[in-house]
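>>> Sequence and predicted model, in that order:
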Amino acid sequence: MIPVMAKLAAVGVAAVVLSAVLKRNTPELALLLTLAAGLWMLALAADGLGAAAALIRELAQQAGMAEALLEPVVKTVALSILTKLTAEICRSAGEGGVAAFVETAGASLALLAALPLVRAVAQTMGELLS
């Protein structure tokens, strides 16, 4: 994990420095550089996310949890990560209003994705109280 984080840090710092230089004359290129660096960093971190998801599935199987209970959690986490990244990119481009709409839509979609989990918890509580 530390070598991957070192690479992420190096790319992040290089992107910030280059973006600061580019913003003076060509802010559009600075934004494209930021997007490219961000996508590269996400690709680096993707292996770690895949390993975490595999571990969560393994633990859920050991605990006897249904896959249907795990899916809303994974979807909600993915939506929150995507929402955060998109909103920050919008803010970086100077579009705070768009960022606010992205965050509102992301929160709504995360709530929608979590509803099956809420239903399962309510059913379980109902069964325990009966």
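Nice, I can see it.

>>> contacts, neighbours, all on C-alpha from now
Will do.

>>> Name the residue closest to the centre of this structure, please.
residue 81 (1.5 Å; CA atoms, centre = their mean).

>>> Identify the residues contacting that one.
Residue 81 sits next to no residue when contact means CA atoms under 8 Å, 6 or more residues apart in numbering.

>>> mind checking which helix or strand it is in?
Assigned by DSSP states H and E, residue 81 belongs to helix 67-92.

>>> Now find how far off-centre that helix is within its chain.
Computed by CA atoms, centre = their mean, to the nearest Å, the chain-centroid distance of helix 67-92 equals 4 Å.

>>> In that helix, which residues are buried?
Within helix 67-92, the residues scored as buried using 16 or more other CA atoms under 10 Å are 69-70, 72-73, 75-76, 79-80, 83-90.

>>> Can you name the next helix or strand after that helix?
Heading C-terminal from helix 67-92 (DSSP H and E), you reach helix 96-129.

>>> packing partners for that following helix?
If you count contacts as 3 or more CA pairs under 8 Å, 6 or more residues apart in numbering; DSSP states H and E, helix 96-129 packs onto helix 67-92.

>>> Report the angle between the helix it packs on and helix 96-129.
160 degrees (axes from the mean of the first three to the mean of the last three CA atoms, to 10 degrees).

>>> mean confidence score for helix 67-92?
If you average the pLDDT over helix 67-92, you get 89.

>>> and what of stretch 20-29?
For stretch 20-29, the mean confidence score works out to 91.

>>> what comes up buried for that stretch?
If you call a residue buried by 16+ other CA under 10 Å, then stretch 20-29 has these buried ones: residue 22.

>>> hey, C-alpha coordinates of it in CSV?
Output of stretch 20-29 as CSV, limited to C-alpha atoms (Å, rounded to 0.1, in the frame of the first residue of the first chain):
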residue,chain,number,x,y,z
ALA,A,20,-0.8,25.9,-11.5
VAL,A,21,1.6,26.7,-14.4
LEU,A,22,-1.0,25.9,-17.0
LYS,A,23,-3.8,27.9,-15.3
ARG,A,24,-2.1,31.2,-16.1
ASN,A,25,-2.4,30.9,-19.9
THR,A,26,-4.7,27.9,-20.6
PRO,A,27,-7.0,27.0,-17.8
GLU,A,28,-8.8,24.4,-20.0
LEU,A,29,-5.6,22.4,-20.3
